[in-house]
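what's the 3D shape of this:
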Amino acid sequence: RRSRANLVQSGEDRNNMGWGRRLASLGAVGAGAGGVVWALDARVIEDAPLPEGYPVRQVQQHHRTVVHPTWTPPSRAEQMAALKTEHFDVLVVGGGATGSGVALDCATRGLKVALVERDDFASGTSSRSTKLIHGGIRYLAQAFQSKIPPESLTDVFKHLRFNKEYLDIVSDDLHERAFMIQSAPFMTRPVPMMIPLYRWWELPLMRVTGLLYDLIAGRRRTVPPSSYIPAAEALYQFPSLKPVDSKGDSLKGCLVVYDGQQNDTRMNIAIALTAAQNGATVANHCAVETLTALGTPGDSDYSITGATVRDCVTGDAVNVKATVVINACGVFSDKLRTMADPASQSIMVPGPGTHLILPDYASPAAMGLVWFTRDGRVLYLLPWEGSTIAGTTDGPGELTFEPRATDDDVTFILSEVNRVLRDKLDRSAVRAAWCGLRPLVRDPNADPTDTKKLSRHHVVDVVDGGLITIAGGKWTTYRKMAEDAVDKAIEIRPELEKRVTGDCVTSTMKLIGADRGGLVCHRNFDRVAINLREVYGMDKDVAHHLVHNYGTRALQLAEMAIAEPSERFRSQDSSGTFFWRRLSPQYPQLEAEVVFAVRHEYAETLVDVIARRTRLGFLDVKATLQITPKVLDLMQAELGWSDEKRASEEADARKFLDTMYLPVANADTEKDVPLEDRLLY
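Next comes the predicted model:
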């Protein structure tokens, strides 16, 4: 190659965060019709003093500067060894948003904490949300109206009320919305949503609603204020919106409200990795088999002292010792509560919610839609990850590790979408259909025979033996839930007070990838995207995808990839042009992301990668089936799987994908039909 590079690397980060600096430039040695050949090789030639104690990588090429983080998480083997040998202040069971948040809160207060998760981080409800960071526009409406939606102005006055509880929920949730948006600015973004208004009396009513929503958020709004737009502007911004509703009323205008949007599993992984970066021991694929204790339930000295967990990767059993155990198992929390106290009453109520993934043309790229359904629920139609997400439903259901969308739910969502869109969508437009179980919780202080009394807030519950359960709430409030759980742990175990080095700081901290030190891009993440394009030769959509999901770590991923033989992650055409290989030509996810997930994000199974690292399993079942052999090749080479292990992983992935698509029309005749033959697109 024509370009040469000098590389200098040494030193330690003064904050032990492992940030690295790479000064690089590009060397174009050839050009083709579709790209450029980039010379990105480098060699270590010397050690040199470093500014301010930060590790610096310096590559001299063409006057371009690229700075990237270098921290890598402890290996899984190191994490498992810590579980075996150390005594922890806190053991967290459950690696969803709340459990990972508890681990982060403990670690940043100076407590020694371990987190174990039966499956993968965000493998349950935390991966199946509407992807919103919101205060709850429905709760705001319910604070003043007992009937939603009102059918007339008379209805508005007839059902007028004031419910402070709902207003408090909106206020608390909007406060947490501000934190979430600021904690991972590379991933979160304001998403505008139009509420279509077809009757004149709705205009002042909804305008006041929007202003009140902004007022409650106050200075920490972190998103643009709501606004009213006339019908012509609404149809320009959302061309597929119906100009006339089913009752013959013409569109009068729209209220545009803003909330935040995220990629929920990527956010969950960022929380878990940030906890690990701050000293937490985190281990996915570790299932709790029993809780360990001193004494027996009912005795005055009965105390939970840890758990016996099974490493699902190796099969080894590990006895984890802890001063207190926090149960963050979501909808499955009752199982752990019963282990601690067989006499405890069940408090969890599973609430299934279904979402459909539709093509990108179902919504504009920069505008969503939200409306009240005919039965008073709220439905969203939102752009997300290059597709459109539609949902959600709300109803009773059963507790299961494999929730599925029901035929009724699919029909309901499509009928509601077709009620507001000009062009009808049928089942052939559905790319994926999945269901999550909301962890609804009964108020433990209510009459246990009143099964309908559900808490609208999250609940911190303590059963005999000192097992703490944190349950309820929603994605937006995970941080506050974690804070309350840790506060309770310190309250019931006073010896932890001596171990705490400070107050809760999670309300102001940023997560991994957020350029916390300002060294990588001065928190201007467009610079990261530009470097990915101009230095590493990535396509525009790929660069933006990587920045949106990894933040500054996108540069770390690129560095990892170019350190491999060039043919592993890139292809070269006849003109000598290199192209980064995508997993699917339809989507921006790269093959290099698979290896990065294994090396730097604790991905252990095929489902971990397709569902929770790349999200393709949630976006497009057909495309995911097509890329499965490619992902298996990469993971088998990286993890040293045998052919038998590979076959097992493929079978598990197909079983998972079967739950991510439309339900079979006839279970008796179609149960043995391969998933590929059931696809309607």
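
low-confidence bits of this structure, can you list those?
1-64, 444-453, 666-671 (pLDDT under 70).

quick check: the gap between the most centrally placed residue in it and V607.
A centroid search over the chain (CA atoms, centre = their mean) returns D264, at 1.4 Å, as the residue closest to the centre. Counting by CB to CB, to the nearest Å, the gap from D264 to V607 is 16 Å. All C-beta atoms are positioned from the backbone trio N, CA, C, and that covers glycine.

please enumerate the helices of the stretch 301-450 of the chain.
Secondary structure of the stretch 301-450 of the chain (DSSP state H, counting those that start in this stretch): helices located at 333-340, 407-420.

go through the first one and flag the buried ones.
Spelled out, that is helix 333-340. S333, D334, L336, R337, M339, A340 (16 or more other CB atoms under 10 Å).

what's that helix in contact with?
Around helix 333-340, the neighbours that count as contacts under CB atoms under 8 Å, 6 or more residues apart in numbering are 93-94, 288, 290-291, 293, 297, 304, 325, 327, 329, 344, 346-348, 439, 461, 463-465, 467, 469, 471.

recalculate using a threshold of 7 Å.
93, 288, 290-291, 304, 327, 329, 344, 346-348, 463-465, 467, 469, 471 (CB atoms under 7 Å, 6 or more residues apart in numbering).

repeat that for the last one.
By CB under 7 Å, 6+ apart, the surrounding residues in contact with helix 407-420 are 196, 241-242, 246, 354, 356, 369, 371, 373, 379, 381, 390-391, 393, 424-427, 433, 662-663.

tell me who's in contact with D119.
Taking CB under 7 Å, 6+ apart as the criterion, D119 is in contact with H285.

got the CA coordinates for the helix or strand containing A485 in PDB?
Under the criterion of DSSP states H and E, A485 resides in helix 478-492. Provided in PDB are the C-alpha atoms of helix 478-492 (Å, rounded to 0.1, in the frame of the first residue of the first chain):
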ATOM      1  CA  TYR A 478     -36.100   2.700  34.800                       C
ATOM      2  CA  ARG A 479     -33.500   5.100  36.400                       C
ATOM      3  CA  LYS A 480     -35.800   6.300  39.200                       C
ATOM      4  CA  MET A 481     -36.900   2.700  39.800                       C
ATOM      5  CA  ALA A 482     -33.300   1.600  40.200                       C
ATOM      6  CA  GLU A 483     -32.600   4.500  42.600                       C
ATOM      7  CA  ASP A 484     -35.600   3.600  44.800                       C
ATOM      8  CA  ALA A 485     -34.500   0.000  44.900                       C
ATOM      9  CA  VAL A 486     -31.000   0.800  46.000                       C
ATOM     10  CA  ASP A 487     -32.300   3.300  48.600                       C
ATOM     11  CA  LYS A 488     -34.400   0.500  50.000                       C
ATOM     12  CA  ALA A 489     -31.400  -1.900  50.100                       C
ATOM     13  CA  ILE A 490     -29.400   0.600  52.100                       C
ATOM     14  CA  GLU A 491     -32.400   1.100  54.400                       C
ATOM     15  CA  ILE A 492     -32.900  -2.500  55.300                       C
END
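
can you tell me the SS state at the closest residue to the residue nearest to the centre of the chain other than its chain neighbours?
Nearest residue to D264 in three dimensions, chain neighbours excluded: S129, at 4.9 Å (CB to CB, 6 or more residues apart in numbering). Of the three states, S129 takes coil under DSSP: H, G, I helix; E, B strand; the rest coil.

roughly how far does S129 sit from M635?
26 Å.

same check, this time on E86
30 Å.

look at these two and report which has more neighbours.
When E86 is set against M635 and neighbours are counted by other CB atoms under 10 Å, the residue ahead is M635, at 24 against 13.

helix or strand for that one, which one?
Counting by DSSP H and E, M635 is part of helix 621-639.

again, but for D526
Here D526, judged by DSSP H and E, is contained in helix 525-534.

mind listing what's buried along that helix?
Applying 16+ other CB under 10 Å to helix 525-534 flags F525, R527, V528, A529, I530, N531, L532, E534 as buried.

now swap in stretch 295-309 and tell me
Buried-residue list, stretch 295-309, by 16+ other CB under 10 Å: Y302, S303, I304, T305, G306, A307, V309.

which one of those is nearest H545?
V309 (35.1 Å; CB to CB).

got the contact list for the closest one?
Contact partners of V309, counting by CB under 7 Å, 6+ apart, are V116, C286, A287, V288, E289, V318, V320.

for burial, what's the neighbour tally of V535?
Neighbours around V535, by other CB under 10 Å: 24.

I should have written D168 there, sorry.
15.

same check on T388?
T388 has 26 neighbours, counted by other CB under 10 Å.

could you do T265 as well?
Neighbour number of T265 under other CB under 10 Å is 27.

over to it. Which of the three states is it?
helix.

likewise the one 3 residues further on?
Counting by three-state DSSP, the backbone at N268 sits in helix.

ok, it touching G99?
No - here N268 lies out of contact with G99, judged by CB atoms under 7 Å, at a distance of 9.3 Å.

these two: which is more packed in?
Per other CB under 10 Å, whichever of N268 and G99 has more neighbours is G99, with 33 against 27.

OK, contacts around the more buried one?
With CB under 7 Å, 6+ apart, G99 has these contacts: V92, L115, A328.

check R493 too.
By CB under 7 Å, 6+ apart, the neighbours of R493 are T323, V324.

how far away is it from V500?
Counting by CB to CB - R493 and V500 are separated by 11 Å.

please apply the same query to T281.
For T281 relative to V500 (CB to CB), the value is 18 Å.

neighbour count winner among those two?
Using other CB under 10 Å as the criterion, T281 and V500 rank with T281 on top: 25 against 15.

ok, now which ones touch the more buried one?
Listed by CB under 7 Å, 6+ apart, the contact set of T281 reads Q79, A82, L83, A114.

try it again with 6 Å
Q79, A82, A114 (CB atoms under 6 Å, 6 or more residues apart in numbering).

the first one: which element?
Okay, so that is Q79. Taking DSSP H and E as the criterion, Q79 maps to helix 76-85.

show me what counts as buried in that helix.
Neighbour counts using 16+ other CB under 10 Å place R76, Q79, M80, A82, L83 of helix 76-85 among the buried residues.

export those to TSV and tack on distance to A122?
Compiled in TSV, the buried residues of helix 76-85 are given as follows (distance: CB to CB, whole Å):
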residue	distance to A122
R76	17
Q79	18
M80	20
A82	22
L83	20
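
closest to T577 among the residues you listed?
Nearest to T577, judged by CB to CB, of the buried residues of helix 76-85 is R76 at 37.7 Å.

nearest residue to the closest one in space, ignoring adjacent ones along the chain?
Computed as CB to CB, 6+ apart, the closest residue to R76 that is not its neighbour in sequence is Y602, at 6.2 Å.

what's around that neighbour, how many residues?
If you count neighbours by other CB under 10 Å, Y602 ends up with 26.

kindly report the same for D643.
Using other CB under 10 Å, D643 is surrounded by 8 other residues.

would you mind measuring from it to D633?
12 Å.

ok, which pair from the contacts of V309 is furthest apart?
It's A287 and V320 that sit farthest apart of those, by CB to CB, at 11.9 Å.

more neighbours: which of these two?
V320 (25 against 15).

relative to C312, how far out is the more buried one?
V320 is 15 Å from C312, by CB to CB.

what about stretch 136-154, distance to the chain center?
30 Å (CA atoms, centre = their mean, to the nearest Å).

CA atoms of it as PDB?
Listed next in PDB are the C-alpha coordinates belonging to stretch 136-154 (Å, rounded to 0.1, in the frame of the first residue of the first chain):
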ATOM      1  CA  GLY A 136     -47.800   9.600  28.600                       C
ATOM      2  CA  ILE A 137     -50.200  11.800  26.600                       C
ATOM      3  CA  ARG A 138     -53.000   9.400  27.500                       C
ATOM      4  CA  TYR A 139     -52.400   9.800  31.200                       C
ATOM      5  CA  LEU A 140     -52.600  13.600  30.800                       C
ATOM      6  CA  ALA A 141     -55.900  13.200  29.000                       C
ATOM      7  CA  GLN A 142     -57.200  10.900  31.700                       C
ATOM      8  CA  ALA A 143     -56.300  13.400  34.400                       C
ATOM      9  CA  PHE A 144     -59.100  15.600  33.100                       C
ATOM     10  CA  GLN A 145     -61.500  13.300  31.300                       C
ATOM     11  CA  SER A 146     -63.200  10.100  32.500                       C
ATOM     12  CA  LYS A 147     -64.200   9.200  29.000                       C
ATOM     13  CA  ILE A 148     -61.500   8.800  26.300                       C
ATOM     14  CA  PRO A 149     -62.000   9.900  23.600                       C
ATOM     15  CA  PRO A 150     -64.900  12.300  24.000                       C
ATOM     16  CA  GLU A 151     -67.400  12.200  21.100                       C
ATOM     17  CA  SER A 152     -68.600  15.800  21.400                       C
ATOM     18  CA  LEU A 153     -68.100  19.000  23.200                       C
ATOM     19  CA  THR A 154     -71.000  18.000  25.500                       C
END
